[in-house]
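A.B. asks: requesting a structural model of the entry that follows:
(one chain, ligands or ions: 1)
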Amino acid sequence: MPSYIFVAGGVISGIGKGVVTSSIGKLLQSVGYTVTAVKMDPYINVDAGTMRPTEHGEVWVTSDGGEIDQDFGHYERFLDLDLPKMNNITTGQIYKKLIDDERAGRFLGKTVQFIPHVPDEIRRRIENCARGFDICLVEIGGTVGDYENIPFIFAAKNLALDNPSAFVLLVYLPTPPHLGEMKSKPAQHAIKEMRQLGVDPEFIVCRSDRRLDALRREKIATYQNIRTDHIISAPDVGNIYSMPLVLEEQGVTSLLLKKLGLKPGKTNMGGWRKAVRRMSKPKATVRIAFASKYVDVGSSRLPDAYISVNEALKHAGARLGVQVGITYLDASKLEPEELAPFDGLLVPPGFGSSCVDGKIAAIKYARTHDLPFLGICYGMQLAVVEFARNVCGMKGAHTTEVDPKTLYPVVDILPEQRKLLESSAYGGSMRLGSYPAVLRRGTMVRSFYRRKTVSERHRHRYEVNPHFVQDLEEHGLVFSGISPDQKLMEFMELPGHKCFVATQSHPEYNSRLMRPSPIYLGFMRAAAAKN
Ligand code: GLN
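C.D. replies: All right, here's what the predicted structure looks like:
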């Protein structure tokens, strides 16, 4: 029977519930337990596929093609799991299923009600995800006290009736500058709020800018009647990968195992600890320019829109013992000469026509100045456009995403995909999830991966147009990875360049701290060699 650890958040959102949930999972996994993780999102969107990255951060893509909230990325990165999309449960999915079932007459005339039908369907889904694992972590999205996450808390309570469970509440303790003192009152209110919903949080993880002192710990323990050692400090850490180590210092793993009635064991975090240590003492900083679109986003946090790309660069940096310094250059105003001080250029994924010219100009600079370049998805498509225009002489070559009337549609929607696009709703029209590519012998990409066949995740509509492949290759561009049926160009490179590689896929989704993405690692190695 699986044990459950439910993680909810109090006080404010955005305090790193995903990282704490993943860190707890990592520790339990390192003892030898099999762990999985479920994210419950209270929004009515069926998935995160249609959400704007500036509002909600990047969309995470699972290998089975799910489009999910970025927190899911932390789970996969920390736990090194390949989680299926069913592990993301949204309010939209629950209501959709219930209404579809009701319309199909599957309730046999019964009244379909919020209680019990909504929490029951949530419970059924969580149990499905947990099957076969020792421990299932369940993150309850939103903040305790929100109306919209009540059904999820109901479902959690219900599961806890029949299964070994622990409830963790992540709270925030602010230190108002005018007081200079950490305040525990909002955290105490959050604990009360959770109790009003019928859940006694057994572990309180306290997020704050500094370490929780004994006084505050004692205060929460006494006023809220919670064991002192169950009050865990989670101060701001410069590096999120050190969070499991911070939690472990406070004995979290054995306390949780005890609560779940599972056999205690020693954590094995040696390799992880070493990687974190390497990250804290970098030999050098590698300066990477991002020719990006989402620069002007007001108060929104830009790095969130590219979080997996950033993390993949960090993983590669950790392996090489260097730090990555990312500069977001607004591609709509970018002057190619601005790239001169950088060690590498990354053109990230993107959609639509804005900033495309700046990105193409940046790619041209990298190509002609031997500046290490990595193009991801749109980054590869635009590298093909740049090469077609400036090397093959195809004036006005473009992707039909931007210029549907171009004479040289070097990037286009392929006929089979057009059929899909026309027949299905917006959300379902992309090539999503993992697809294999066969890497060509003797190429740089093959030397990075050191394998013949690789599988990376995808999220795009357009492809390199097969009609132009021969022409492009005759001018020196090499498609170094192609789909097994030879139709889809998955990787490209320019021989003779220090490192000019790009891919139609998103290898960042498969990058892990202990297993950096080979193409990111190759790019970073070339960039690090520049200085
Ligand atoms: N806009 C491009 C496409 O849909 C690239 C998408 C991406 O970068 N993820 O094909």
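A.B. asks: quick one, phi psi at the nearest residue to Leu439 once chain neighbours are set aside?
C.D. replies: Ranked by CB to CB, 6 or more residues apart in numbering and with sequence neighbours excluded, the top spatial neighbour of Leu439 is Arg446, at 4.1 Å. C-beta here means a position set from N, CA and C on the backbone, and glycine is covered the same way. The phi and psi values for Arg446, taken as degrees, to the nearest 10, are phi -60, psi -40.
A.B. asks: what's around Arg278, how many residues?
C.D. replies: 16 (other CB atoms under 10 Å).
A.B. asks: contact partners for the residue nearest to Leu439?
C.D. replies: Arg446 makes contacts with 439-440, 452, 480-481, as judged by CB atoms under 8 Å, 6 or more residues apart in numbering.
A.B. asks: and the residues you listed, which are buried?
C.D. replies: Neighbour counting over the contacts of Arg446 (16 or more other CB atoms under 10 Å) leaves 439-440, 480-481 as the buried ones.
A.B. asks: which ones among those map onto strands?
C.D. replies: 439, 480-481 (DSSP state E).
A.B. asks: let's have these in JSON lines, adding pLDDT and distance to Leu98.
C.D. replies: Shown next, in JSON lines, are these (pLDDT from 0 to 100; distance: CB to CB, whole Å):
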{"residue": "Leu439", "pLDDT": "98", "distance to Leu98": "46"}
{"residue": "Ser480", "pLDDT": "98", "distance to Leu98": "48"}
{"residue": "Gly481", "pLDDT": "97", "distance to Leu98": "43"}
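A.B. asks: okay, these in CSV with distance to Asn163 next?
C.D. replies: What follows is those, written out as CSV (distance: CB to CB, whole Å):
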residue, distance to Asn163
Leu439, 45
Ser480, 49
Gly481, 45
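A.B. asks: spell out which parts of the protein neighbour the ligand.
C.D. replies: Proximity of the chain to the ligand, by CB under 6 Å from any ligand atom, involves residues 349-351, 377-378, 381, 401, 459-462.
A.B. asks: name the nearest residue to Lys395, ignoring sequence neighbours.
C.D. replies: Lys395's closest residue in space is Arg389 (CB to CB, 6+ apart), at 6.7 Å.
A.B. asks: got the contact list for the helix or strand where the one you found lies?
C.D. replies: The secondary structure element spanning Arg389 is helix 378-390 (assigned by DSSP states H and E). The contact list for helix 378-390 (CB under 8 Å, 6+ apart) reads 346-351, 356, 359-360, 363-364, 367, 373, 375, 394-399, 401, 408, 410-411, 460, 462, 464, 468, 471-472, 475, 477, 489, 491-492, 494, 500, 502-504.
A.B. asks: give me the buried subset of those residues.
C.D. replies: For the contacts of helix 378-390, buried by 16+ other CB under 10 Å: 346-350, 356, 359-360, 363-364, 367, 373, 375, 394, 397-399, 401, 408, 410-411, 460, 462, 464, 468, 472, 477, 489, 491-492, 494, 500, 502-504.
A.B. asks: now the strands for the stretch 51-200 of the chain?
C.D. replies: Along the stretch 51-200 of the chain, the segments classed as strands by DSSP state E, counting those that start in this stretch run 59-61, 67-69, 88-90, 135-140, 165-172.
A.B. asks: now swap in the stretch 351-500 of the chain and tell me
C.D. replies: 373-376, 398-399, 409-412, 431-439, 453-460, 463-464, 478-482, 489-493, 500-503.
A.B. asks: out of these, which gets nearest to Ser254?
C.D. replies: Across the strands of the stretch 351-500 of the chain, Ser254 has its closest neighbour in strand 453-460 (36.0 Å, CB to CB).
A.B. asks: next one: that closest one to chain centre, how far?
C.D. replies: Put simply, strand 453-460 sits 15 Å off its chain's centre (CA atoms, centre = their mean, to the nearest Å).
A.B. asks: only the buried residues of it, if you could.
C.D. replies: Using 16+ other CB under 10 Å as the test for burial, strand 453-460 gives 454, 456-460.
A.B. asks: output the contacting helices and strands for that strand.
C.D. replies: Strand 453-460 is packed against strand 59-61, strand 431-439, with contacts defined by 3 or more CB pairs under 8 Å, 6 or more residues apart in numbering; DSSP states H and E.
A.B. asks: thinking again about what came up before, how about TSV for the buried ones among the contacts of Arg446, with distance to Val246 added?
C.D. replies: Supplementary listing: these in TSV, determined by distance: CB to CB, whole Å:
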residue	distance to Val246
Leu439	40
Arg440	45
Ser480	41
Gly481	40
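A.B. asks: out of the residues you listed, the closest to the ligand would be?
C.D. replies: Gly481 (16.6 Å; CB to the nearest ligand atom).
A.B. asks: what bridges to the closest one?
C.D. replies: Applying DSSP bridges to Gly481 gives these bridge partners: Leu439, Phe491.
A.B. asks: correct me, but it touches Leu439?
C.D. replies: Yes. If you go by CB atoms under 8 Å, Gly481 and Leu439 touch, sitting 4.8 Å apart.
A.B. asks: which neighbours do the two share?
C.D. replies: 445-446, 454, 491.
A.B. asks: closest one of these to the ligand?
C.D. replies: When the shared contacts of Gly481 and Leu439 are compared against the ligand (criterion: CB to the nearest ligand atom), the nearest one is Phe491, at 14.6 Å.
A.B. asks: residue ranges with poor pLDDT in the stretch 151-300 of the chain?
C.D. replies: Applying pLDDT under 70 to the stretch 151-300 of the chain flags residues 294-300.
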